[in-house]
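**Q** Dropping a prediction and its sequence here:
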Amino acid sequence: MMCVHSRDTTGLWMLQNDGAEVVLLTSRDDPVTQSLSGKLETMLSCEVVDVGDEPLKDVQAVMEQRKISWKNVAYMGEELPSFSYF
């Protein structure tokens with residue numbers, strides 16, 4: 001079972017309303033996570049990026065694509081690799 005607290009999505013909408021870009025990073029390859037990330041992608045109108053065994057490299061690739069540095073990145077997530085936003 002997996003869930004997202006409504007305060008999480010409200011906070012992300014607030015960030016978007018302030019002009020922040022939100023990207024959902026997911027590292028789990030299971031049907032529940034894929035379904036949930038798809039729903040969040042639609043609800044938040046954000047991009048979903050699957051990260052591999054070395055998520056830091058994947059994050060850095062997204063940063064390079066968008067020409068942003070670490071000082072412009074915020075991260076939140078669980079202890080277990082599941083969802084991250086920036």
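**A** Looks like it came in fine.

**Q** how many neighbours does T10 have?
**A** By the criterion of other C-beta atoms under 10 Å, T10 has 10 neighbours. Placement of C-beta: from N, CA and C, glycine included.

**Q** Next, it: secondary structure please.
**A** helix (DSSP: H, G, I helix; E, B strand; the rest coil).

**Q** That one and M43, how far apart?
**A** In this view, T10 and M43 are 11 Å apart by C-beta to C-beta, to the nearest Å.

**Q** Same check on T9?
**A** 6 Å.

**Q** same question, E64
**A** Taking C-beta to C-beta as the measure, E64 and M43 are separated by 27 Å.

**Q** now do V62
**A** In this view, V62 and M43 are 20 Å apart by C-beta to C-beta.

**Q** Who has more neighbours out of those two?
**A** V62 (16 against 12).

**Q** by contact count, what packs against the stretch of helix or strand that one belongs to?
**A** V62 is part of helix 55-66 when elements are defined by DSSP states H and E. Where contact means 3 or more C-beta pairs under 8 Å, 6 or more residues apart in numbering; DSSP states H and E, helix 55-66 is packed against strand 23-26, strand 47-50.

**Q** Just want the most central residue of the protein.
**A** L24 (1.8 Å; C-alpha atoms, centre = their mean).
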